[in-house]
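Asker: I need the structure of the sequence given here:
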Amino acid sequence: MLFTSIKFDTLMEGVARQIRARFPPVVANDPERTTSQERIEEIVEQTFAAALHSEGEHRIGFVGRTRLRNALRRELREIGYDEKFVNFAVEKFMAQLTRGAR
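Answerer: This next block holds a predicted model:
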């Protein structure tokens, strides 16, 4: 089964909603609130693992990974995360996606 652009966007919308529910932008963007880096990584990695697991064994090529990365970046920005968190989350997602592709 191939991923379509709509499938990429839908998947990343769901991932972004789950991250927002567990680690809202209000908390992520507030320097006064402290959440450990380990906890943030745990939230992000668990969310990505669940999303990728639910999609099953799909082979995602270079173009697909690029589309997923761009869709996630767009969704997190639209929700209101600052660029630092967006870059962190996208980097974690891509690392997890790459590990799963092997």
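Asker: Below-threshold pLDDT in the chain: ranges please.
Answerer: Counting by pLDDT under 70, the chain shows low-confidence ranges at 1-5, 54-59, 100-102.
Asker: so where do the helices sit in it?
Answerer: Here the chain has its helices, by DSSP state H, at 5-22, 25-28, 37-54, 62-79, 83-101.
Asker: distance of R99 from L52?
Answerer: Counting by C-beta to C-beta, to the nearest Å, the gap between R99 and L52 amounts to 10 Å. From N, CA and C alone the C-beta is placed, and that goes for glycine too.
Asker: hmm, who's touching stretch 28-40?
Answerer: With C-beta atoms under 8 Å, 6 or more residues apart in numbering as the test, stretch 28-40 has contacts from 23, 27, 80-82, 85, 88.
Asker: R99 and L52: who's more crowded?
Answerer: With neighbours defined as other C-beta atoms under 10 Å, R99 and L52 compare such that L52 has more, 21 against 9.
Asker: Look up how far M12 lies from I6.
Answerer: I6 is 11 Å from M12, where distance means C-beta to C-beta.
Asker: Pick out whichever of the two has more residues nearby.
Answerer: The neighbour count for I6 versus M12, taken as other C-beta under 10 Å, is higher for M12 (22 against 8).
Asker: mind listing what the more buried one touches?
Answerer: Neighbouring residues of M12 by C-beta under 8 Å, 6+ apart: 68, 71-72, 74-75.
Asker: Kindly recompute the last result at 6 Å.
Answerer: For M12, the contacting residues are 71-72, 75, by C-beta atoms under 6 Å, 6 or more residues apart in numbering.
Asker: neighbours around the closest residue in space to it that isn't next to it in sequence, how many?
Answerer: Leaving out its chain neighbours, the residue that sits closest to M12 by C-beta to C-beta, 6 or more residues apart in numbering is A71, at 3.8 Å. Counted by other C-beta under 10 Å, the residues lying close to A71 total 20.
Asker: do the same with the one 3 residues further on
Answerer: Residues contacting R74 under the criterion other C-beta under 10 Å number 15.
Asker: Just list the residues touching the nearest residue to E78 once chain neighbours are set aside, thanks.
Answerer: With C-beta to C-beta, 6+ apart as the criterion, E78 has its nearest non-adjacent residue at 7.8 Å, and that residue is A16. By C-beta under 6 Å, 6+ apart, the contact list for A16 reads 75-76, 79.
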